[in-house]
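Visitor: task: produce atomic coordinates for the following.
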Amino acid sequence: QVQLVEFGGGLVQAGGSLRLSCAASGRTFSSYNMGWFRQAPGKEREFVAAISWSGSSTTYADSVKGRFTISRDNAKKTVYLQMDGLKLEDTAVYYCASGSMLPSTWRYDYWGQGTQVTVSS
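Guide: This is a model prediction of the structure:
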């Protein structure tokens, strides 16, 4: 069993930055890959970024490449999503999930409750 809790969402102006955190508890955090997804109102949940268990490999959606950075601290059992150059279209509920580096939601076994990110003009 894994519990995931996201922190750090909020309201930010376009062009600004936010850092999301996802704290894990339960089974050994350092042994599994982690991902971030987001879901805007009326849209399907979409892949944002993922990181390997060691942190040596990362992957990003084209829409956030060059603006977002995923990282992790296995000692703190936390994965981060640094979001810079935020755009209005980044507004969504952001979720962290465990178990894969692939962009399909069904490949992830545990999910957090989500944190709202709202970008204003």
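Visitor: name the element the residue most central in space within the chain belongs to?
Guide: The residue lying closest to the centre of the chain (Cα atoms, centre = their mean) is Trp36, at 2.6 Å. Using DSSP states H and E, Trp36 falls within strand 34-39.
Visitor: where in the chain is pLDDT low?
Guide: 27 (pLDDT under 70).
Visitor: that one: strands as residue ranges?
Guide: With DSSP state E as the criterion, the chain has strands at 2-7, 10-13, 18-26, 34-39, 46-51, 58-60, 68-73, 78-83, 92-98, 110-111, 115-120.
Visitor: among the ones you listed, which comes closest to Ser104?
Guide: Among the strands of the chain, strand 46-51 comes nearest to Ser104, with 7.7 Å by Cβ to Cβ. Quick note: C-beta positions are derived from backbone N, CA and C, even for glycine.
Visitor: partners of the closest one in the sheet?
Guide: Take DSSP bridges as the rule and strand 46-51 pairs in its sheet with strand 34-39 (antiparallel), strand 58-60 (antiparallel).
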